[in-house]
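> here is a sequence together with a model predicted from it:
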Amino acid sequence: MTADAAWSGADVSGRRQISIWDLAIFAASVSILLIFSEGWVFPLRGDANNTAFDKLIPLGYLPAYAAAALLMALTPISVLRAVIRQPFLIILMLIVGLSIFWSTAPDITVRRVVAVYATTLGGVVLAARYRWAELAEIVATAFAVLVTISFIMPLAVPSIGVMHELFPGAWRGVWADKNAMGGIMSLGFAVLAAAAMLNPQRAKIWWPFAALAVLLVIMSTSKTSLVTVMMALGGLMFVGLARRSPAAGVATSWLAVLGIVMVASVAIFAADLFFDLLGKDATLTGRTEIWDAALRQIEKRPWTGYGYSAVWDDTSRWGPLPKIVQEAGWKPHHSHNTWIEQWLGLGVFGLAAWGLCFLQTMVLAVVSVFRDKGAYLALPFLLVYGVTSLTESVAVNYNDFRWVIFVALAVKLCWPDREVRT
């Protein structure tokens, strides 16, 4: 190897060597996702919900904020050029910030606007910096770590990794309940399988982790998560078949439409069967009661909402939370519906901005099936994410790696690999 080759980081065969700097950037990228996964919060807090410890939790996210700022500083022009291609995301973030002025708890909203901006930046910088195959492996590495510790906890520390009072015996890994782990691992399967498809030379690494993610879903006993795993697998198969040839693309698309119509028909005309398959009752475990109560509060302030993230921790007598708790019969931590959540906090315009951002992203993901291998990552993940958004608040969340990944995909779908500068 020549001195020039060694200095440039490439060997004589033309392959780029991995430097310590490359490893540092890789570690910073993965750390953003791991910190925002909150896989470290519950093992430290435990079931006791120590309020004194809760005051220290926000400090744990600061390294992720710093890592995102570092990555942005390395390629600021690329980050700017990438994000301006997602105008609805920009508008959504502007509305989030402006909601400080009409928030019922402005002190809470101010703090959390800063947090959600930093969280969103994490997704933007990942999209701007990495190609599809690299992005898939960055996210897959984070999920592989989470899969590993989620197996260790139930076996080594069952007091943390296994539920005992509610749903005894169900695995919850490093999260507070089984459904949280099941939902995250269903997304993990989509990402890990995509990493295997986009990086066939390392597929022998990613496929076993994808299988372990499915096993964790089974151990969580979450039927909804198992259904979303099947959706992710269906999305992955759809991309693979549609990309084989134009004729296969047309045939596969028609079959997908037929499948969607059949599932929708069962949900509408055989609702009892549909709920039985999901293991839910007609109220979706009390979610419909929350939705009804939240919608009645939305009727009072439909245009502005109550301010970003201001509702669920506002203990004043004048906020909407006491009325929601009274009508629902219990105190939820969020509305358990992404769409209602945006309307409740950001009003009609915030809901519209989120809806247009999601619609643009889904359309681009479908188009990418026929144009870009990145569809292996984008479409299965977004299918699971979209379904989850109907029963959980997963969008525009501060310190949430599901939002980081969505933002990364939304921006990356507008930012072709040919424009990536590393």
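In hand now; what should we look at? Numbers count the residues shown, from 1 in each chain.

> distance between the one helix or strand N179 maps to and the chain's centre?
N179 belongs to helix 178-198 when elements are defined using DSSP states H and E. Relative to its chain's centre, helix 178-198 lies at 10 Å (C-alpha atoms, centre = their mean, to the nearest Å).

> whichever helix or strand comes after it vs helix 178-198, what angle?
Moving toward the C-terminus from helix 178-198, the next helix or strand (DSSP H and E) is helix 203-220. Here helix 203-220 points in a direction 160 degrees away from that of helix 178-198 (axes from the mean of the first three to the mean of the last three C-alpha atoms, to 10 degrees).

> name the residues of helix 203-220 that are buried.
Judged by neighbour count using 16 or more other C-beta atoms under 10 Å, the buried positions of helix 203-220 are 205-206, 209-210, 212-214, 216-217, 219-220. In short, each C-beta sits where N, CA and C put it, glycine included.

> what do you get for stretch 21-29?
25-26, 28-29.

> show me where this structure dips below the pLDDT cut-off.
By pLDDT under 70, the weakly predicted segments of the chain are 1-16, 47-52, 245, 247-250, 252-285, 419-422.

> could you rerun that using 80?
Within the chain, the ranges that satisfy pLDDT under 80 run 1-18, 45-55, 245-286, 315-318, 330, 417-422.

> and the residue nearest the centre of it, how close does it get to L33?
Centroid check for the chain by C-alpha atoms, centre = their mean gives R402 as the closest residue, at 1.7 Å. Using C-beta to C-beta, to the nearest Å, one obtains 10 Å as the distance from R402 to L33.

> also F406?
Applying C-beta to C-beta to F406 and L33 gives a distance of 12 Å.

> with D54 instead?
Distance from D54 to L33, counting by C-beta to C-beta: 22 Å.

> next one: L44
Taking C-beta to C-beta, one finds L44 at 18 Å from L33.

> the two: which is more packed in?
Just comparing L44 and L33: by other C-beta atoms under 10 Å the higher neighbour count belongs to L33, 28 against 13.

> what about L94, neighbour count?
L94: 13 surrounding residues under other C-beta under 10 Å.

> likewise G122?
Other residues within reach of G122, judged by other C-beta under 10 Å, total 29.

> one more: L351?
23.

> that one against L344, yeah?
No: using C-beta atoms under 8 Å as the test, L351 is too far from L344 to be in contact (9.0 Å).

> can you check which helix is longest in the chain?
helix 338-368 (DSSP state H).

> that one packs against which elements?
helix 87-98, helix 287-298, helix 375-388, helix 401-412 (3 or more C-beta pairs under 8 Å, 6 or more residues apart in numbering; DSSP states H and E).

> could you dump those helices to a markdown table with distance to M362?
Output for these, formatted as a markdown table (distance: least, C-beta to C-beta, whole Å):
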| stretch | distance to M362 |
| --- | --- |
| helix 87-98 | 12 |
| helix 287-298 | 23 |
| helix 375-388 | 6 |
| helix 401-412 | 10 |
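
> for T361, find the nearest of the ones you listed.
Set against T361 and scored by C-beta to C-beta, the helices and strands packed on helix 338-368 come closest in helix 401-412, at 4.3 Å.

> could I get the CA-only coordinates of that closest one as PDB?
Output in PDB follows, covering the C-alpha atoms of helix 401-412 (Å, rounded to 0.1, in the frame of the first residue of the first chain):
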ATOM      1  CA  PHE A 401     -36.700   7.200  18.400                       C
ATOM      2  CA  ARG A 402     -39.800   6.200  16.400                       C
ATOM      3  CA  TRP A 403     -40.200   9.800  15.500                       C
ATOM      4  CA  VAL A 404     -36.500  10.000  14.700                       C
ATOM      5  CA  ILE A 405     -36.700   7.100  12.300                       C
ATOM      6  CA  PHE A 406     -39.900   8.500  10.600                       C
ATOM      7  CA  VAL A 407     -38.200  11.800  10.100                       C
ATOM      8  CA  ALA A 408     -35.200  10.100   8.700                       C
ATOM      9  CA  LEU A 409     -37.300   8.200   6.200                       C
ATOM     10  CA  ALA A 410     -39.500  11.200   5.300                       C
ATOM     11  CA  VAL A 411     -36.400  13.300   4.500                       C
ATOM     12  CA  LYS A 412     -34.400  10.500   2.900                       C
END
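
> who are the packing partners of it?
Secondary-structure packing of helix 401-412 (3+ C-beta pairs under 8 Å, 6+ apart): helix 20-36, helix 76-83, helix 87-98, helix 106-129, helix 132-156, helix 178-198, helix 338-368, helix 375-388.

> just name the most buried of these.
helix 178-198 (a mean of 27; mean count of other C-beta atoms under 10 Å).

> got the angle for it vs helix 401-412?
Going by the same axes, to 10 degrees, helix 178-198 makes 30 degrees with helix 401-412.

> can you start the count at 44 instead of 1 from here on
Shifting the count to begin at 44 puts that one at helix 221-241.

> so helix 221-241 versus helix 63-79, what angle?
Using the same axes, to 10 degrees: helix 221-241 against helix 63-79 is 150 degrees.

> next, the angle helix 175-199 makes with helix 221-241.
Here the directions of helix 221-241 and helix 175-199 differ by 140 degrees (the same axes, to 10 degrees).

> helix 221-241 - contacts with which helices or strands?
helix 175-199, helix 246-263, helix 266-285, helix 418-431, helix 444-455.

> for these, which one sits closest to A337?
Of the helices and strands packed on helix 221-241, nearest to A337 by C-beta to C-beta is helix 418-431, at 17.9 Å.
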